[in-house]
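Asks: Return atomic coordinates for the entry below.
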Amino acid sequence: MQARPDSRGEIFVIDDNAAARATLAGALTLAGYEVICFADNAALLARAKIRIPLCVFLDVGIRDKCRFELLDRICAENWRSPVFASSAEASIPLAVDAVRRGAFDFLAKPFDGSNIVARVHAALGEMSRSRCGIPTDIWEQFHLSGREWEVLELIAVGTSNKEIAQQLGLSSRTVEGYRANILRKAGVRSTTELVRRVFGQGGRS
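Replies: Numbering: from 1, shown residues only. Modelled structure (predicted):
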């Protein structure tokens, strides 16, 4: 399944409550995002192998301990996608636990659609600033994996393929493959053009 060409990016949702899913899907779709709802952790992880989402909405009710396992995995794999944990049984201990495990924010239900969109924009803005100043719209457009973003950030500061391989524990051939994928997704033919497009400055080919 390919993302819609006019989409600002995919947002993943796991929530057992139909009303919560409807609120998220309605508000975020209207804002230009593609919302994909999943029935379980396995389905979400399978989709993530194809494309890492912009962000994730994850219901973490007290009875849903497996959801915390998913949050742990997302953070351990360094998705760089802000995770919004939520619950209809919101409490300070639950919120603290979610944030401690790596959630970007905790939201109490019921959701407010306009507030959700504002929270997403704020989260993506903050994440983009942490990516060496990559503009949010560029991040949304390229649909790079978490590893591809790591390679791009190193490319941007002039790191060679060999140096990138050493820093990330990869082979030089694997890094070359990531670089080629990044160029293809960005629609450019050289590293210099890529860095100029993303960061507004020259780079090393």
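
Asks: remind me, longest helix of this structure?
Replies: helix 113-130 (DSSP state H).

Asks: Show me how this protein divides into domains.
Replies: Structural domains annotated on the chain: 10-130, 144-199, as defined by automatic domain parsing.

Asks: Let me know the helix or strand that the spatially closest residue to V35 that is not a sequence neighbour is in.
Replies: Spatially, and ignoring its direct neighbours in sequence, V35 is nearest to A25 (4.5 Å; CB to CB, 6 or more residues apart in numbering). C-betas here are computed from N, CA, C, even on glycine. Using DSSP states H and E, A25 maps to helix 18-30.

Asks: In the protein, which residue is most central in space?
Replies: Centroid-nearest residue in the chain: S81, 2.8 Å away (criterion: CA atoms, centre = their mean).

Asks: And it, how close does it get to I155?
Replies: 21 Å (CB to CB, to the nearest Å).

Asks: What of S87?
Replies: For S87, the distance to I155 - CB to CB - is 40 Å.

Asks: Look up phi and psi at the residue nearest to L28 when sequence neighbours are not counted.
Replies: Counting by CB to CB, 6+ apart, V35 is the residue found nearest to L28 once chain neighbours are left out, at 5.0 Å. Backbone geometry at V35, expressed as degrees, to the nearest 10, gives phi -100, psi 130.

Asks: Just give me the neighbour total for R179.
Replies: 18 (other CB atoms under 10 Å).

Asks: Check D15 too.
Replies: 25.

Asks: Can you find the helix or strand in this protein with the smallest mean pLDDT?
Replies: When the helices and strands of the chain are scored by mean pLDDT, DSSP states H and E, helix 136-142 comes last with a mean of 60.

Asks: ok, then the element right after that helix?
Replies: helix 146-156.

Asks: That next one versus helix 113-130: what angle between them?
Replies: On the basis of axes from the mean of the first three to the mean of the last three CA atoms, to 10 degrees, helix 146-156 is oriented at 40 degrees to helix 113-130.

Asks: Can I get stretch 163-183 in CSV? Just the C-alpha atoms.
Replies: Taking C-alpha atoms only, stretch 163-183 is exported to CSV below (Å, rounded to 0.1, in the frame of the first residue of the first chain):
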residue,chain,number,x,y,z
GLU,A,163,32.9,7.1,8.3
ILE,A,164,29.1,6.7,8.3
ALA,A,165,29.5,2.9,8.2
GLN,A,166,31.8,3.0,11.2
GLN,A,167,29.6,5.3,13.3
LEU,A,168,26.4,3.3,12.6
GLY,A,169,27.9,-0.2,12.6
LEU,A,170,27.1,-0.9,8.9
SER,A,171,29.1,-2.0,5.9
SER,A,172,30.1,0.7,3.3
ARG,A,173,28.0,-1.1,0.7
THR,A,174,25.0,-0.9,3.0
VAL,A,175,25.6,2.9,3.4
GLU,A,176,25.9,3.3,-0.3
GLY,A,177,22.5,1.6,-0.6
TYR,A,178,20.9,4.0,1.9
ARG,A,179,22.5,6.9,0.1
ALA,A,180,21.0,5.8,-3.2
ASN,A,181,17.6,5.3,-1.7
ILE,A,182,17.7,8.8,-0.1
LEU,A,183,18.6,10.4,-3.4
